[in-house]
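> take this sequence and fold it.
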Amino acid sequence: MFNKHMIVREGKTDNIYWIEFSTENNLMEKFVSEFQKFIVNKNLAVIAFDSDCMILTEEEINRGWKFENEIAYFDNLNIVELNEPIFDIYDQWFILKNNSRIINSDIFVNYSGFTIDVSNTKDLINKNIALRFWKTIRDEDVEKFILNGDNFSYGSINENDIIEIKKAWC
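Numbers count the residues shown, from 1 in each chain. Below you'll find the predicted structure:
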């Protein structure tokens, strides 16, 4: 749908269905625009905003954002907040169950060529990084994730999310 050079991978790891796009296009804005319903009214943890932690402004704090242990949180994300400049490139979002907080997470989108597809890693180092990502998803009880780095990856406990993305984008 985007270009002939786009590569799409998909799978299931543990209880998470996922899809990953390798493309030169930044898909974050398109995803947020087309699939808001996957993340609205959910609890968002921004692990990375443009490769680093999201530093909150006073205005964002007044709107309900919280900053804890270098992670920005917005509980019960709404459409208004989603339309604010809360993403760029090299973003890493976790959608959390309940109002939980992240105990430990690396910024995986900063690893060159990072892929969540363990079978598609280039070498042992990258395979270990991908395995560490999946351990983080398990340990932190993540319901959904969005990674916007060298690849665009989305994962969800709901298989229908992936089916809908494939219908729209593949």
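> report the central residue of this structure.
I146 (1.5 Å; CA atoms, centre = their mean).
> was I right to think that one contacts I86?
No. Judged on CB atoms under 8 Å, I146 makes no contact with I86 at a distance of 11.4 Å. C-beta: built from backbone N, CA, C; applies to glycine.
> which helix runs longest in this protein?
helix 124-139 (DSSP state H).
> what strand or helix carries the nearest residue to I107 once chain neighbours are set aside?
Spatially, and ignoring its direct neighbours in sequence, I107 is nearest to A48 (4.4 Å; CB to CB, 6 or more residues apart in numbering). Applying DSSP states H and E as the criterion places A48 in strand 43-48.
> please save the CA atoms from that strand in PDB.
What follows is strand 43-48, C-alpha atoms only, in PDB (Å, rounded to 0.1, in the frame of the first residue of the first chain):
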ATOM      1  CA  ASN A  43      -3.000   4.200  29.900                       C
ATOM      2  CA  LEU A  44      -0.100   5.400  27.900                       C
ATOM      3  CA  ALA A  45       3.600   5.200  29.000                       C
ATOM      4  CA  VAL A  46       6.000   7.100  26.700                       C
ATOM      5  CA  ILE A  47       9.300   5.400  27.100                       C
ATOM      6  CA  ALA A  48      10.900   7.400  24.300                       C
END
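> how far does it sit from its chain's centre?
8 Å (CA atoms, centre = their mean, to the nearest Å).
> now the terminal residues of stretch 132-150, how far apart.
18 Å (CA to CA, to the nearest Å).
> contacts for the helix or strand bottoming out on mean pLDDT in the chain?
Using mean pLDDT, DSSP states H and E, helix 79-82 stands out as the lowest-scoring helix or strand of the chain, at a mean of 86. Contact partners of helix 79-82, identified using CB atoms under 8 Å, 6 or more residues apart in numbering, comprise 32, 36, 39-40, 63-64, 74.
> no more questions from me, cheers.
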